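Colleague: Make a model of this:
(one chain, ligands or ions: 1)
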Amino acid sequence: REKVEMTKEQRALMKAIVDAYNRHQIPQDVAKKLLQEQYSAEENFLLLTEMATSQVQVLVEFTKNIPGFLSLDREDQIALLKGSTVEAMFLRSAQVFSRKMPNGHTVVLEERIRKSGIPDEFMTPMFNFYKSIGELHMVQEEQAILTAITILMPDRPYVKDHQAVERLQETMLNVLRKLCVLQHPQEQQYFARLLGRLTELRTLSHYHAEMLTSWKMNDHKFTPLLCEIWDVQ
Ligand SMILES: O=C(NC1CCCCC1)[C@H]([C@@H]1CCCCO1)n1c(-c2ccc(Cl)cc2)nc2cc(F)c(Cl)cc21
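Modeller: Numbering: from 1, shown residues only. Prediction:
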């Protein structure tokens, strides 16, 4: 088969994305907190809203470092961020859940999340997604570029200049395709499987508003930023 090589530009682009991805990570480790003790539904909800609020802020910083993003129409930049934060949150949660942990930790983590207050009917789709992400054993470059691809989705609501977003996303897809061949030479369809997860991610994200508003507790309080960016309250 032909030798797959990344161009100099593609390697530079990937480095910029991965550096931004690593620079803008969630400050404290939510997995470590959850492994320490089982919190009440109220405490878990508060933890999630705090983590999600801070993740939106770091996602904005990450996105500003995607080459070409700041050259997009200003309103399209907002539309892309607004349309992708929920998916980025679930993708990040899946990556956190799939991290290599000492034996038994993942089992405890899953147990804690199952009892965190999320309504039962969402457990299966959520953990199916988390496990399907885990099975891919993505390297961090793939995680970073997949997050960028999720943000640069041309068909988000209210995006005006479709073409401009498509061009940026296509550049990322070309890098990801080569990266998948280089990182997983034995798996012919790895790239296709990776993109298939974005479909599963979008489906899971449709549930998020209901997951939050039917969290097993009364009086769900959201931060102003989450009210703004999630379709809740
Ligand atoms: O805080 C979370 N995720 C953050 C979000 C910002 C980026 C970093 C990860 C939540 C937790 C769930 C239990 C209660 C405390 O919150 N969470 C979710 C989750 C997210 C959305 C909804 Cl609506 C439901 C569950 N899935 C997780 C998987 C995990 F492995 C871990 Cl450690 C935490 C996870």
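
Colleague: separation between M126 and E111?
Modeller: Distance, M126 to E111, using CB to CB, to the nearest Å: 14 Å. The C-beta positions use only the backbone N, C-alpha and C, and glycine is treated the same way.

Colleague: got it, and M211?
Modeller: Counting by CB to CB - M211 and E111 are separated by 18 Å.

Colleague: Which one of these two is surrounded by more residues?
Modeller: Between M211 and E111, M211 has the larger neighbour count (other CB atoms under 10 Å), namely 19 against 12.

Colleague: what does this structure put close to the ligand?
Modeller: 26, 30-31, 34, 44, 47-48, 51-52, 55, 89, 92-93, 96-97, 109, 113, 116, 118, 208, 211-212 (CB under 6 Å from any ligand atom).

Colleague: can you give me the helices for the chain?
Modeller: Secondary structure of the chain (DSSP state H): helices at 8-23, 30-36, 41-64, 74-98, 105-114, 123-135, 140-151, 162-183, 190-206, 208-213, 224-229.

Colleague: mind giving me CSV with those and columns for mean pLDDT?
Modeller: What follows is the helices of the chain, written out as CSV (pLDDT from 0 to 100):
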stretch, mean pLDDT
helix 8-23, 94
helix 30-36, 91
helix 41-64, 94
helix 74-98, 96
helix 105-114, 95
helix 123-135, 96
helix 140-151, 96
helix 162-183, 97
helix 190-206, 96
helix 208-213, 91
helix 224-229, 89
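
Colleague: Need the winner for burial among those.
Modeller: helix 140-151 (a mean of 22; mean count of other CB atoms under 10 Å).

Colleague: what's that one packed up against?
Modeller: helix 8-23, helix 41-64, helix 74-98, helix 162-183, helix 190-206 (3 or more CB pairs under 8 Å, 6 or more residues apart in numbering; DSSP states H and E).

Colleague: mind checking how far I151 is from the ligand?
Modeller: In this structure, I151 and the ligand are 14 Å apart, going by CB to the nearest ligand atom, to the nearest Å.

Colleague: residues near D29, how many?
Modeller: D29, neighbours per other CB under 10 Å, totals 13.

Colleague: Retrieve the pLDDT associated with it.
Modeller: D29 is assigned 82 on the pLDDT scale.

Colleague: again with F222
Modeller: 90.

Colleague: If I follow the layout properly, it ends up in contact with V232?
Modeller: Yes: counting by CB atoms under 8 Å, F222 does reach V232; the two are 5.6 Å apart.

Colleague: Please identify which of the two sits among more neighbours.
Modeller: F222 (18 against 15).

Colleague: tell me the contacts of the more buried one?
Modeller: 49, 212, 230, 232-233 (CB atoms under 8 Å, 6 or more residues apart in numbering).

Colleague: ok, now A148?
Modeller: 17, 62-63, 66, 172.

Colleague: again, 7 Å this time
Modeller: Shown in contact with A148 (CB atoms under 7 Å, 6 or more residues apart in numbering): 17, 66, 172.

Colleague: For L70, give me its contacts.
Modeller: Going by CB under 7 Å, 6+ apart, L70 touches K64.

Colleague: same question, L152
Modeller: By CB under 7 Å, 6+ apart, the neighbours of L152 are 80, 165, 168-169, 172.

Colleague: Try it again at 6 Å.
Modeller: By CB atoms under 6 Å, 6 or more residues apart in numbering, the contact list for L152 reads 165, 168-169.

Colleague: cool, Q38 as well?
Modeller: Counting by CB under 6 Å, 6+ apart, Q38 makes contact with R112.
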